[in-house]
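Enquirer: Let's see this in three dimensions:
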Amino acid sequence: MCFYPRVKKLVRRPAIDVYRLMRRVIFTIIWWRKRCWNRTDGTVLYISLPMHYAMFSAIHKYLPHVRIVARKGEAADYLERLSIDYTTAKLYPDLVIVMDYHYIRREFPIWGIRAVQVFHGIGCKDFIDRKDNRDYLCLVPGQNLKKRLEKQGVPAIRVVGYPKTDCFFDQTLDRESILHSLSLDLSKKTILYSPTWGSLSSTPIAADSIKKLSSDYNVIVKLHDLSEPKWLDLYRRIDTIRFVEESNVTSYMFVADLMISDFSSTIFEFAQLFRPIITILPDPYRARECAHDFSWWEITRMIREIDELKPAADKLLEGDWMPDTRYREVVNSIFSYNDGKSAMRAAAAIREYEKEGTIWKR
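Expert: Residues are numbered from 1 along each chain as shown. The predicted structure is shown next:
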């Protein structure tokens, strides 16, 4: 008598589980379709790091209606310091603007929403070659990246320039004011150290050499937003440098006579000023594997040993350095505009995309 009910229960359970699964799938599809068709939040910017808003800030003044969702605490803290309105709630937008990839994948299936990709770096690294780019309207700084995306079959590309560095060309920055705000000596030349993070970062090995440079030059240090806390603390303790934590590094680039970095795309932002660059690459073979086009680094003075840093900096700053033909070719291939109006073009492209209608167009 006890055996039969147990067998019956075992036989019926798979059917019940399949029924529950199918009911959940159908419910999810209905819920998602309803969510897709009942959007009320317009255009939304999703950010997780302060540097994402640093990329968008110049565009934002032309698109004040864009709502901002800060997905992590550090981004929210940064926006609060700037007195920028934001929310941490889930919204239901018609269009999402991102500087990365995984947020829109996590929040919305890409087929269910239109999206704009404003890359958070120049694209010297392999993220420019991701297949995900086919699902976005991609805003790029110049012809080089446009051609690379076209080869991948990306259907929607706009060459707008690089909004983040509009300030280099629109007369909004004043060198003396920036140096005064940092309490730096106007009579000295200025060096900016702005490394990347991760395994190719020079941050762990450069502290002593950076400190030595500060005996002869103004030295500004801006570490990557994702740098480990122990390295942030290490450089904060060097009292002869100016350690800055503002995510938008453009004003510090503008006052620098020389930039020191490594495998960071910020070197190409700085290159628009046509000034010398030193890159610290202890493992150039690894860097070559990660770069889409390692020849771009040839415009810099590459060093492998950290002891070479001070002599290299002295030579570049004391000599009458001028950019060569290759330097100009690389910069001109990456950036199509240097008129200070890139943010305006990016905003116009986004407004045009907003008007295109249905979210199912892709």
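
Enquirer: all helices of this structure, in order?
Expert: 3-37, 50-60, 73-81, 102-107, 143-151, 175-181, 203-213, 229-236, 250-255, 266-271, 284-290, 309-318, 325-334, 342-354 (DSSP state H).

Enquirer: what's the most buried one of those helices?
Expert: Mean neighbours per residue, mean count of other CB atoms under 10 Å, is largest over these for helix 266-271, with a mean of 24. For every residue, glycine as well, the C-beta is placed using N, CA and C.

Enquirer: Now do the contacts for residue 162.
Expert: Contacts for residue 162 (CB atoms under 8 Å, 6 or more residues apart in numbering) come out as 122, 141, 142, 269, 272, 335, 337, 342.

Enquirer: can you list the helices of the chain in a markdown table and add mean pLDDT?
Expert: Shown next, in a markdown table, are the helices of the chain (pLDDT from 0 to 100):
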| stretch | mean pLDDT |
| --- | --- |
| helix 3-37 | 62 |
| helix 50-60 | 91 |
| helix 73-81 | 89 |
| helix 102-107 | 63 |
| helix 143-151 | 91 |
| helix 175-181 | 95 |
| helix 203-213 | 94 |
| helix 229-236 | 92 |
| helix 250-255 | 96 |
| helix 266-271 | 94 |
| helix 284-290 | 77 |
| helix 309-318 | 94 |
| helix 325-334 | 94 |
| helix 342-354 | 95 |
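
Enquirer: Skipping adjacent residues, who's closest to residue 130 in space?
Expert: residue 101 (6.8 Å; CB to CB, 6 or more residues apart in numbering).

Enquirer: confidence score at that neighbour?
Expert: If you check residue 101, the pLDDT there is 72.

Enquirer: shouldn't it be in contact with residue 135?
Expert: No - between residue 101 and residue 135 there is no contact under CB atoms under 8 Å: 9.4 Å.

Enquirer: More neighbours: which of those two?
Expert: Neighbour comparison, residue 101 and residue 135: the larger count goes to residue 135, with 22 against 17 (by other CB atoms under 10 Å).

Enquirer: in terms of contact, does that one touch residue 113 like I think?
Expert: No - contact criterion CB under 8 Å: residue 135 and residue 113 do not qualify, at 9.6 Å.

Enquirer: so residue 94 makes contact with residue 114?
Expert: Yes - with contact defined as CB under 8 Å, residue 94 counts as touching residue 114 (7.0 Å).

Enquirer: ok, back up a step: find the residues that touch each one of residue 101 and residue 135.
Expert: Counting by CB under 8 Å, 6+ apart, residue 101 and residue 135 have no contacts in common.

Enquirer: before we move on, back to that, looking at residue 94 and residue 114, which has the bigger crowd around it?
Expert: Comparing residue 94 with residue 114 by other CB under 10 Å, the one with more neighbours is residue 114, at 24 against 17.

Enquirer: give the contact list for the closest residue to residue 201 other than its chain neighbours.
Expert: Nearest residue to residue 201, sequence neighbours excluded (CB to CB, 6+ apart): residue 195, at 5.1 Å. The neighbours of residue 195, taking CB under 8 Å, 6+ apart as the test, are 201, 202, 203, 206, 223, 224, 260, 261, 262, 264, 280.

Enquirer: follow-up on the earlier one: so which of the contacts of residue 162 comes closest to residue 18?
Expert: The nearest member of the contacts of residue 162 to residue 18, counting by CB to CB, is residue 122 at 50.6 Å.

Enquirer: So what's the residue count around the closest one?
Expert: Residues near residue 122, counting by other CB under 10 Å: 24.
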